[in-house]
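# Okay, here's the prediction I keep looking at, along with the sequence it came from:
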Amino acid sequence: QVQLVESGGGLVQPGGSLRLSCTASEFTFSSYAMSWYRQAPGKERELVAFIASAGSRTNYADSVKGRFTISRDNARNTMYLQMNSLKPEDTAVYYCRARRVDFRGTVYDYWGQGTQVTVSS
């Protein structure tokens, strides 16, 4: 059964750091583009960061550029999100997503269950 499991969330003070992990199982992780999304209470889910399957290309939401770093270790089937200089507005549930489109156009799209990040003094 395909699984994406996030970990590393928690409570941190403003200005602090956290590192989220997303560990994948039961699919070919290295073939999938990976992303981090977040959803704050009362708001829509938004894309935070993206990394291509080989890790050669990354993109970030403007709100996190320069503070967050996305990375992946295909040998460990794991993706990371290093979050520095955290702000209260970063408080949200963070989700990882794996997505691939094969040569037929079939979309494979998996989500994790989310991990809570709370930034508060």
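Right, received. Where do you want to start?
# so residue 15 makes contact with residue 88?
No - in this structure residue 15 lies outside contact range of residue 88 using C-beta atoms under 8 Å: 10.5 Å. Quick note: C-beta positions are derived from backbone N, CA and C, even for glycine.
# what helix or strand is the nearest residue to residue 61 once chain neighbours are set aside on?
Nearest residue to residue 61 in three dimensions, chain neighbours excluded: residue 48, at 5.4 Å (C-beta to C-beta, 6 or more residues apart in numbering). When secondary structure is defined by DSSP states H and E, residue 48 falls within strand 46-51.
# And the next helix or strand after that strand, how far out from the chain middle?
The helix or strand immediately downstream of strand 46-51 is strand 58-60, counting by DSSP H and E. Offset of strand 58-60 from its chain centre (C-alpha atoms, centre = their mean, to the nearest Å): 11 Å.
# Can you list the strands that the helix or strand just after strand 58-60 pairs with?
If you walk from strand 58-60 toward the C-terminus, the next helix or strand you reach (DSSP H and E) is strand 68-73. Using DSSP bridges, the strands paired with strand 68-73 are strand 78-83 (antiparallel).
# Looking at the following helix or strand past the partner strand now, give me its mean pLDDT.
On the C-terminal side of strand 78-83, the closest following helix or strand by DSSP H and E is strand 92-101. Across strand 92-101, pLDDT averages out at 97.
# same thing with stretch 7-18?
Stretch 7-18 carries an average pLDDT of 98.
# can you offset everything so residue one is 127?
With 127 as the first residue, the last one maps to stretch 133-144.
# Which positions in that stretch come out as buried?
134, 135, 138, 144 (16 or more other C-beta atoms under 10 Å).
# now the first one: how far from residue 154?
Counting by C-beta to C-beta, to the nearest Å, the separation of residue 134 from residue 154 is 24 Å.
# Just checking: what are the partner strands of the strand holding residue 174?
Paired strands of strand 172-177, with direction, are strand 159-165 (antiparallel), strand 184-186 (antiparallel) (DSSP bridges).
# So for residue 247, which of the ones you listed sits nearest?
strand 159-165 (20.1 Å; C-beta to C-beta).
# Buried ones in the closest one, by neighbour count?
Under 16+ other C-beta under 10 Å, the buried positions of strand 159-165 are 159, 160, 161, 162, 163, 164.
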